[in-house]
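**Student:** pasting a predicted model and its sequence here:
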Amino acid sequence: MRLSSLLNPKLVKCGLAATTKEEALAEVARILSAAEPSLTEPELLAALAEREKLGPFSMGKGIAFPHARTEKVKDFSIVLGTSPGGLDFRAPDGHKVHIVILFAIPKKHSNLYLHTLAAFLNFFTVEGHMKRVLEAKSGEELIAAIDTLSVRGRETVVPQGPGFPTALTPQTTVTKALETLSAARGESLPVLDGEGNLVGELTSAAILQLALRDHLLALSAPGVLSPGPSLEKALRQHADSPVHTVPGLVATNGFRTVQEDDTPLQMAAALAQAGRTSAYVLRGTKLVGTITAAEVLRRLGAARPAP
């Protein structure tokens with residue numbers, strides 16, 4: 001994941017004025033609320049306080065990740081602030097916090113949040129990275145530093161996969177979704193919003209479950225399922241309904257995603273952990289293609305030094 005692509009210079013503050021944890025949270029919340037008029041500073045602080053009840057924001061190593069889930073922001077939003085002098089966030093390791101990274105996360109971007117959190121943790125565990133970031137005097141300089149340090153000595157990959165997948169939108173009707181799925185001869189299709197962001201997945205299994213569920217509900221007495229036409233009739237009840245309005249039809253999690261500039265090893269680990277043979281490839285939250293386990297293995301072999 002290219003962290004620099006997720007950062008906005010206007011949402012970066014080099015040298016927070018805050019001297020306490022509470023002041024720091026208020027300062028980064030103020031920065032975000034100024035950029036997102038739909039989300040007020042008190043609302044964001046209240047959401048942060050509620051989230052913090054589940055655990056501390058700092059994971060140690062001088063970094064804190066205050067975060068809150070809210071539908072008041074359209075996209076995954078990040079504010080990054082630096083504190084060369086350090087702040088007491090009551091971190092588990094007792095160290096002061098020098099980097100404060102605020103996440104405001106709509107539910108549809110849960111996967112991206114986890115990828116981003118892991119990427120930031122990996123980035124700052126490299127010796128010297130925090131020092132370089134703390135030396136930045138502006139948002140542009142800080143983002144440029146992260147970009148340079150992120151790609152130094154690293155091979156990036158732009159997966160092509162088996163081709164860009166046919167996609168649905170939340171407004172696609174059930175009939176059209178079924179036709180598209182049949183024409184694609186696949187087991188699943190991505191669901192994209194108007195800006196190309198991956199917001200869900202529709203599978204052939206979900207459509208079958210919908211038909212069977214409605215068919216069984218229509219039976220007046222227990223017995224053997226009647227032949228196909230009854231199942232077709234059950235599906236016709238939803239024929240003109242947008243897929244996003246049918247409960248349980250579009251999954252919003254459980255599918256595997258990777259970032260387009262993840263290394264082959266990172267992709268292999270993601271697929272192995274999920275027990276999947278393919279993944280959607282994203283640039284941030286936008287779908288750019290798919291990649292299979294076979295393709296990842298080929299890239300791993302190509303990246304291996306010759307004997």
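**Tutor:** Cool, got the structure.
**Student:** after the helix or strand hosting Thr82, which helix or strand is next?
**Tutor:** Counting by DSSP states H and E, the element that carries Thr82 is strand 77-87. Of the helices and strands lying after strand 77-87 in sequence (DSSP H and E), the nearest is strand 97-105.
**Student:** hey, C-alpha coordinates of that following strand in PDB?
**Tutor:** This file holds the C-alpha atoms of strand 97-105, laid out as PDB (Å, rounded to 0.1, in the frame of the first residue of the first chain):
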ATOM      1  CA  VAL A  97       3.600   9.600  21.400                       C
ATOM      2  CA  HIS A  98       5.200  11.600  18.600                       C
ATOM      3  CA  ILE A  99       2.800  10.700  15.700                       C
ATOM      4  CA  VAL A 100      -1.000  11.000  16.000                       C
ATOM      5  CA  ILE A 101      -2.900   9.500  13.100                       C
ATOM      6  CA  LEU A 102      -6.700  10.100  13.200                       C
ATOM      7  CA  PHE A 103      -9.000   7.700  11.200                       C
ATOM      8  CA  ALA A 104     -12.600   8.500  10.400                       C
ATOM      9  CA  ILE A 105     -14.100   5.400   8.800                       C
END
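**Student:** which secondary structure elements does it sit against?
**Tutor:** Counting contacts by 3 or more C-beta pairs under 8 Å, 6 or more residues apart in numbering; DSSP states H and E, strand 97-105 is packed against helix 21-35, strand 63-64, strand 67-69, strand 77-87, helix 110-124, helix 129-134. Just so you know, the C-beta spots here come from the backbone N, C-alpha and C atoms, and that holds for glycine as well.
**Student:** what number of residues lie near Val79?
**Tutor:** By other C-beta atoms under 10 Å, the residues close to Val79 number 25.
**Student:** that one: what's it in contact with?
**Tutor:** Residues in contact with Val79 (C-beta atoms under 8 Å, 6 or more residues apart in numbering) are 11-13, 28, 31-32, 101-102.
**Student:** and for Leu134?
**Tutor:** 82, 84, 98-99.
**Student:** could the residues you listed be laid out in TSV, adding neighbour count and distance to Gly62?
**Tutor:** TSV is the format used below for the contacts of Leu134 (neighbours: other C-beta atoms under 10 Å; distance: C-beta to C-beta, whole Å):
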residue	neighbour count	distance to Gly62
Thr82	20	10
Pro84	11	11
His98	22	5
Ile99	21	6
